[in-house]
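A.B. asks: this is a predicted model, with the sequence first.
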Amino acid sequence: MKYLILMLFGVIVLASIFPMYSLGLTTQVTHKLDVKIYSPFDFYLNKTLYSPGTYYISNSTKPLNVTFVSPVYMNSGTRFIYLGMKINGTLVRNESVIIYPNLNYTVTKLTIQSIYVKQYFVSINSEYPIPIHSGWYNSSYTIPIPRDYYYYIDLYDRVVISSIHVNGTAVQSIFVNSPLNVSVQFTSQFYLNFSSGIMGYLNGSLMKLYSNWYNNYTNITIPRYIYLSTGVRYYTYGNFIGSTIVRSPMNLSDIQIEQVYLTFIRPVLGYNGSSIINYTSGWYNRSMEIDIPLYIYINNTTRIITEGDSIGYLYVADPFTINDTQHIQRLINLPYNVEVEYQDTFFSTRSIWIFNGTTVFVPHQIIYLTNVTRVYLPPPVVELL
C-alpha cells in the first residue's frame, strides 16, 4: 500500500493513493484531536461504518482513519461519485486519510467534509458507431452532439446524423438532468460523380450541380434544355437526361453547353470552319464564331456578296439580330478592255461582276489593237440572267 504524507495546518495526514483499510502503524500519541466530520453518505471511521450526517470526535488521542464510500447508487440511473474531501477548506483528492495529532498543540481542531457529484446514466442507442457512448455523466453536463460526423460504409456510401431524440423528444443538445435514453437517427448519403459542373434541379431548385455527397431520396433533375431567359438556355447531352431519386452512388457523364438565340431576318450563307453554312434564326453555342464574309465564292464565275451591318467574324456572346442581305453575282470576262455602262456608271474593264438578273451595256465603240488593227463593236446588249 502506498501513502501520500500531507502537512495540513500543522497536522500530519497520511492519505492513501488507493482506498485503504489499514495502515499497520503504531504511534505514541500524547496530544488530542478535535474533529468534525460531515458526509451526506455512509463513511468509515477507524473501519466502523457510519450513517450520513455530522459527527464530532473530541479529545481523541489516537489517529483517525477516515474513508469515504464511492460510488453511491440511488437507483439504476442515478449515483453519486466521490470527488474528494475538504480538510479545513483544503481539497484532498483521496478516499481515505489517517490523521495524527499535531505535537505542537494540545488540541488539534479539524473539519472534514466529503464532496460528491451527482451523475445520471445516459443510454446512447445508435445503429452506427459515433463519438459519444453510453455511460455516467455529471448532472447539468451538456453532451456535445457531433454535427459534422460521418460514418463511411464504403468509399461512396456514408451516413450522417440527422436528428437526436432524448426520451422520445427531438433535441438540439443533450442536457443531462436525469437518466436519459438517447436515440440517434441517421440519413444515408451517396456520392454522385459529375464529369463537370452542370446546371440542374436539386429537389426542384435550379442550381449548379457538382460531384458531392447527396442525401438519400434527393430528387435530381437534368432536363435536355434549361431556359434561363427567352434568349439564353443550357443544352445538355450525355448518359443521363431526365429525373431520378438518389438511392445509390452514380456517375453522370453529361456535357452542358450554354446557348444563345440569334435572329436572322433572312437566311445568310457563311462559314463554319471551312464549310459553308446556311445560317437561320436559332440557338447557337455561346463563344462560337460565325464567319459571314463580304464574298463567298461558289465557283470561278459565281459568288455571293453580303450587304449589312454584320459582316466578318461574329463572336456569339449574347442574343442579337443579324439583318444582312446577300446577292448572287456573275463574272463577265471580255476579250478586250472595253468601255461599259453598269448601273449608270461608265468605265473601262476586261471583266466585271454583275448582280444576277441585271444588265451590263457595251456601247458602240472601236478598239485599236495596233496601228493597223482594230476591233469594231456594234451596239449589242449583253444580258446575264
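C.D. replies: That came in fine, so what should we check first? If you're wondering where the values come from, they're calculated on a predicted model, not measured in any experiment.
A.B. asks: so where's the chain uncertain?
C.D. replies: 1-30, 102-107, 379-385 (pLDDT under 70).
A.B. asks: mind checking the longest strand of it?
C.D. replies: In the chain, assigned by DSSP state E, the strand with the most residues is strand 107-126.
A.B. asks: same for it, what does it pack against?
C.D. replies: Under the contact definition 3 or more C-beta pairs under 8 Å, 6 or more residues apart in numbering; DSSP states H and E, strand 107-126 sits against strand 32-39, strand 78-87, strand 135-138, strand 180-194. (C-beta placed from N, C-alpha, C; glycine too.)
A.B. asks: hey, C-alpha coordinates of it in PDB?
C.D. replies: What follows is strand 107-126, C-alpha atoms only, in PDB (Å, rounded to 0.1, in the frame of the first residue of the first chain):
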ATOM      1  CA  VAL A 107      -5.800  20.000  20.800                       C
ATOM      2  CA  THR A 108      -5.800  19.800  17.000                       C
ATOM      3  CA  LYS A 109      -9.100  21.000  15.600                       C
ATOM      4  CA  LEU A 110     -10.100  19.900  12.100                       C
ATOM      5  CA  THR A 111     -13.300  19.900   9.900                       C
ATOM      6  CA  ILE A 112     -13.600  17.200   7.300                       C
ATOM      7  CA  GLN A 113     -16.300  17.400   4.600                       C
ATOM      8  CA  SER A 114     -16.800  14.900   1.800                       C
ATOM      9  CA  ILE A 115     -17.500  16.200  -1.700                       C
ATOM     10  CA  TYR A 116     -19.700  14.200  -4.100                       C
ATOM     11  CA  VAL A 117     -21.100  14.900  -7.500                       C
ATOM     12  CA  LYS A 118     -24.400  13.600  -8.900                       C
ATOM     13  CA  GLN A 119     -24.300  11.500 -12.100                       C
ATOM     14  CA  TYR A 120     -27.000  10.100 -14.300                       C
ATOM     15  CA  PHE A 121     -26.800   7.200 -16.700                       C
ATOM     16  CA  VAL A 122     -27.200   8.100 -20.300                       C
ATOM     17  CA  SER A 123     -28.100   5.300 -22.700                       C
ATOM     18  CA  ILE A 124     -26.900   6.000 -26.300                       C
ATOM     19  CA  ASN A 125     -28.800   4.000 -28.900                       C
ATOM     20  CA  SER A 126     -27.100   4.300 -32.300                       C
END
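A.B. asks: adjacent strands (with direction) for it?
C.D. replies: Paired strands of strand 107-126, with direction, are strand 32-39 (parallel), strand 78-87 (antiparallel), strand 135-138 (antiparallel), strand 180-194 (parallel) (DSSP bridges).
A.B. asks: tell me which of those lies nearest to Ile98.
C.D. replies: strand 32-39 (11.2 Å; C-beta to C-beta).
A.B. asks: give me the contacts around the helix or strand that comes right after that closest one.
C.D. replies: Per DSSP states H and E, strand 32-39 leads on to strand 43-45 as the next helix or strand towards the C-terminus. Contacting residues not belonging to strand 43-45 are listed as Ile37, Leu49, Tyr50, Tyr55, Ile57, Leu64, Asn65, Val66, Thr67, Phe68, Val69, Ser114 [C-beta atoms under 8 Å, 6 or more residues apart in numbering].
A.B. asks: still on that earlier bit, what comes up buried for the longest strand of the chain?
C.D. replies: 108, 110, 112-116, 119-122, 124, 126 (16 or more other C-beta atoms under 10 Å).
A.B. asks: for Leu314, which non-adjacent residue is closest in space?
C.D. replies: Ile290 (4.4 Å; C-beta to C-beta, 6 or more residues apart in numbering).
A.B. asks: which helices and strands sit right next to the helix or strand hosting the one you found?
C.D. replies: For Ile290, the host element (DSSP H and E) is strand 289-292. Applying 3+ C-beta pairs under 8 Å, 6+ apart, we find strand 289-292 packed against strand 268-272, strand 312-315.
A.B. asks: could I get those as a markdown table with distance to Val160?
C.D. replies: Shown next, in a markdown table, are the helices and strands packed on strand 289-292 (distance: least, C-beta to C-beta, whole Å):
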| stretch | distance to Val160 |
| --- | --- |
| strand 268-272 | 50 |
| strand 312-315 | 46 |
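A.B. asks: Arg374 is nearest to which of these?
C.D. replies: strand 268-272 (44.0 Å).
A.B. asks: extract the CA atoms of that closest one and return them as PDB.
C.D. replies: What follows is strand 268-272, C-alpha atoms only, in PDB (Å, rounded to 0.1, in the frame of the first residue of the first chain):
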ATOM      1  CA  VAL A 268     -27.500  34.100 -94.600                       C
ATOM      2  CA  LEU A 269     -24.700  31.900 -96.000                       C
ATOM      3  CA  GLY A 270     -21.400  31.900 -94.000                       C
ATOM      4  CA  TYR A 271     -18.600  29.700 -92.900                       C
ATOM      5  CA  ASN A 272     -18.300  27.400 -90.000                       C
END
